[in-house]
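Asker: Predicted structure and sequence below. I'll ask about it afterward.
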Amino acid sequence: MANLSFPRENLTMLTDFYELTMANGFFEEGRGEQIAYFDMFFRRVPDGGGYAIMAGVEQLVDYLNNLHFTPEDIEFLRSKKMFSEAFLSYLSNFRFACDVWAVPEGTPIFPYEPIVTVRGPIVQAQFIETMVLVSINHQSLIATKANRIVRAADGRPVMEFGSRRAQGYDGAILGARATYIGGCCGTACTISDRDYGIPALGTMAHSWVQMFDSEYEAFCAYARQYPNACTLLVDTYSVLKSGVPNAIRAFNDVLLPLGCRPKGIRIDSGDITYLSKKARKMLDDAGFPDCKITASNSLDEYIIRDMIQQGACIDSFGVGERLITASSDPVFGGVYKLSAVEKDGVIHPRIKISENVTKITNPGFKKVWRLFDNDTQKAVADVITMADEVIDDQNPYEIFDPEYIWKRKIVTNFTAAPLQVQLFRGGRQVFHMPPIEEIRAHCKRHVQSLWEEVLRFENPHNYYVDLSQKLWDVKQELLSSYSK
């Protein structure tokens with residue numbers, strides 16, 4: 001599917017200003033071409049969940065492929081009177097030259113593991129920080145929320161209805177893309193269907209009903225126009241006193257004579273659990289047991305779960321503002337940190353130390369592995385290693401908690417799978433982005449590889465992200481060197 005909506009313009013200048021001042025400084029200090037390594041990772045799963053979903057890689061690839069400075073950009077920077085002419089000349093002839101690795105979209109991800117790794121000249125690797133974070137943080141947040149809501153629906157389709165409440169048009173368009181990766185069946189956002197192939201869904205607003213002299217007349221008109229896709233909104237006046245009875249009349253008077261069956265009704269207000277039970281009986285008694293009931297109106301995973309537990313007769317859900325904005329926890333706190341530099345071809349690990357131990361980084365050029373139990377096909381743990389390490393899954397492998405190192409486990413009969421794939425080599429794209437349907441299926445399959453305890457909404461099991469012994473030793477050596 002062609003990507004027509006992004007980027008609409010050159011987004012090279014969508015960067016924090018200090019990326020440019022640092023780039024100019026590195027350049028003028030003669031260090032602009034020194035090779036540096038950066039990791040993107042996050043420290044906390046939104047909503048207190050047990051896992052997050054990776055998304056936004058396709059938009060990151062688009063950005064990096066279009067990275068260039070226009071004459072207008074150069075003139076703007078010149079007007080700031082902070083940048084050397086030599087640096088501006090470098091930007092005028094800019095060519096992206098970094099290596100980039102990332103965890104594929106749709107993959108469950110966990111705190112502190114590198115989900116994007118960038119290697120390249122410090123001027124470039126530092127400069128792209130803002131858009132790496134913008135691209136991955138936003139869509140990973142929304143895909144994660146969508147996956148929680150879809151799981152709460154327990155097999156019932158969930159539609160994304162949030163465009164009008166999104167934070168801007170890209171929030172609506174790319175948010176819809178992220179919800180589809182997370183498991184939603186479609187979106188109300190038409191442009192996301194055009195650009196990304198996400199099924200556009202929807203029926204009518206209350207204004208349709210209000211435009212006619214009676215609710216019955218409005219329903220009949222809609223049934224005449226869309227006899228094979230007739231879903232009626234029944235809560236404009238009274239769901240049980242007029243909405244459902246008038247829908248049944250329209251089904252009988254318009255659809256049945258055409259040889260068609262109704263698709264459904266939608267309830268958008270009131271005590272939807274109670275109303276759905278009554279509506280279900282009314283539809284069944286009228287001979288329409290195949291007529292589905294859709295619920296909408298400020299839903300989230302907890303409301304949906306409670307409705308189902310209370311016996312609501314709901315066949316599908318439309319979820320808007322609380323999904324497209326992830327309103328319960330609207331920040332995905334991904335960060336981008338220097339992890340190593342090269343000198344004369346030798347990689348030297350770097351570490352950030354903080355009084356807050358959660359902000360101490362894992363140093364070096366690294367890989368991430370996921371260990372799968374061969375009997376259950378379930379994920380056992382993730383392991384971060386140095387890039388030159390290989391986990392031999394033909395032999396037992398010891399994992400340990402990097403904080404409480406006495407907690408150790410020998411893993412046997414397992415498969416070790418590297419998580420990251422290489423997107424760019426020397427600035428050239430080397431990874432073919434899969435179609436959205438494949439990403440969505442990948443997400444569903446890999447979420448199913450997690451234990452139920454990790455999938456809990458409240459107090460999920462802590463999925464372990466361990467360090468290899470070699471990486472742990474490097475980290476401890478650096479910590480000790482800075483404590484002297």
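Answerer: Cool, the structure landed. Numbers count the residues shown, from 1 in each chain.
Asker: so Val331 touches Leu141, yeah?
Answerer: Yes - Val331 is within contact range of Leu141, at 7.3 Å (criterion: C-beta atoms under 8 Å). For every residue, glycine as well, the C-beta is placed using N, CA and C.
Asker: Which residue, other than its chain neighbours, is closest to Tyr63?
Answerer: The spatially closest residue to Tyr63, leaving aside those adjacent along the chain, is Met131, at 5.1 Å (C-beta to C-beta, 6 or more residues apart in numbering).
Asker: element containing the one you found?
Answerer: If you go by DSSP states H and E, Met131 is part of helix 129-152.
Asker: Then Thr385?
Answerer: Using DSSP H and E, Thr385 sits in strand 379-386.
Asker: If you count neighbours, what's buried in that strand?
Answerer: Applying a neighbour-count criterion of 16 or more other C-beta atoms under 10 Å, one finds Ala379, Val380, Ala381, Asp382, Val383, Ile384, Thr385, Met386 buried in strand 379-386.
Asker: among those, which two are most distant?
Answerer: Ala379 and Met386 (21.6 Å; C-beta to C-beta).
Asker: sorry, back to before: neighbour count: Val331 and Leu141, which is higher?
Answerer: Leu141 (27 against 11; other C-beta atoms under 10 Å).
Asker: okay, now the residue nearest to that one when sequence neighbours are not counted: neighbour count?
Answerer: If you skip the residues right next to it in sequence, Leu141 has Phe332 as its closest partner in space, 3.7 Å away by C-beta to C-beta, 6+ apart. Residues lying near Phe332 (other C-beta under 10 Å) number 24.
Asker: What of the one 3 residues further on?
Answerer: Val335 sits with 15 neighbouring residues when counted by other C-beta under 10 Å.
Asker: Cys260 too?
Answerer: So Cys260, with other C-beta under 10 Å, has 16 neighbours.
Asker: Hmm, it is touching Ala229, no?
Answerer: No - in this structure, Cys260 is not within contact of Ala229 by C-beta under 8 Å, at 9.4 Å.
Asker: Phe317 contacts Ile293, correct?
Answerer: No - the pair formed by Phe317 and Ile293 falls short of the contact definition of C-beta under 8 Å, at 10.2 Å.
Asker: and stretch 111-119, what's its mean pLDDT?
Answerer: For stretch 111-119, the mean pLDDT works out to 98.
Asker: Would you mind writing the CA trace of it as PDB?
Answerer: This file holds the C-alpha atoms of stretch 111-119, laid out as PDB (Å, rounded to 0.1, in the frame of the first residue of the first chain):
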ATOM      1  CA  PRO A 111      11.800  -1.800  29.600                       C
ATOM      2  CA  TYR A 112      15.500  -1.100  29.300                       C
ATOM      3  CA  GLU A 113      16.200  -3.200  26.200                       C
ATOM      4  CA  PRO A 114      17.400  -1.300  23.100                       C
ATOM      5  CA  ILE A 115      14.500  -1.200  20.600                       C
ATOM      6  CA  VAL A 116      16.400   1.100  18.200                       C
ATOM      7  CA  THR A 117      20.200   1.200  17.800                       C
ATOM      8  CA  VAL A 118      22.000   3.800  15.700                       C
ATOM      9  CA  ARG A 119      25.700   3.700  14.700                       C
END
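Asker: Now find how far off-centre that stretch is within its chain.
Answerer: On the basis of C-alpha atoms, centre = their mean, to the nearest Å, the separation between the geometric centre of stretch 111-119 and that of its chain is 16 Å.
Asker: again, but for stretch 282-300
Answerer: Relative to the centre of its chain, stretch 282-300 is centred 30 Å away, using C-alpha atoms, centre = their mean.
Asker: what does that stretch rub up against?
Answerer: Contacting residues not belonging to stretch 282-300 are listed as 149, 159, 161, 231, 240, 244-245, 248, 251-252, 261-269, 272, 276, 279-280, 307, 312-323, 328 [C-beta atoms under 8 Å, 6 or more residues apart in numbering].
Asker: Among those residues, name the ones in helices.
Answerer: Using DSSP state H, the subset of those located in helices is Ile149, Val244, Pro245, Ile248, Ile272, Ser276, Ala279, Arg280, Met307, Glu321, Arg322, Leu323.
Asker: Quick check: next helix or strand after the helix or strand encompassing Arg445?
Answerer: According to DSSP H and E, Arg445 maps onto helix 436-447. Proceeding C-terminally, helix 436-447 gives way to helix 452-455 as the next helix or strand, assigned by DSSP H and E.
Asker: just for the protein, where's the confidence low?
Answerer: Flagging of the chain using pLDDT under 70 yields the residue ranges 1-8, 484.
Asker: how close does the residue of it most remote from its centre get to Arg445?
Answerer: For the chain, the largest distance from the centre (C-alpha atoms, centre = their mean) belongs to Pro257, which lies 45.6 Å off. Computed with C-beta to C-beta, to the nearest Å, the distance linking Pro257 and Arg445 is 45 Å.
Asker: of all the buried residues of strand 379-386, which comes closest to Val116?
Answerer: Ranking the buried residues of strand 379-386 by separation from Val116, with C-beta to C-beta as the measure, puts Ile384 on top at 13.9 Å.
Asker: Cheers, nothing more for now.
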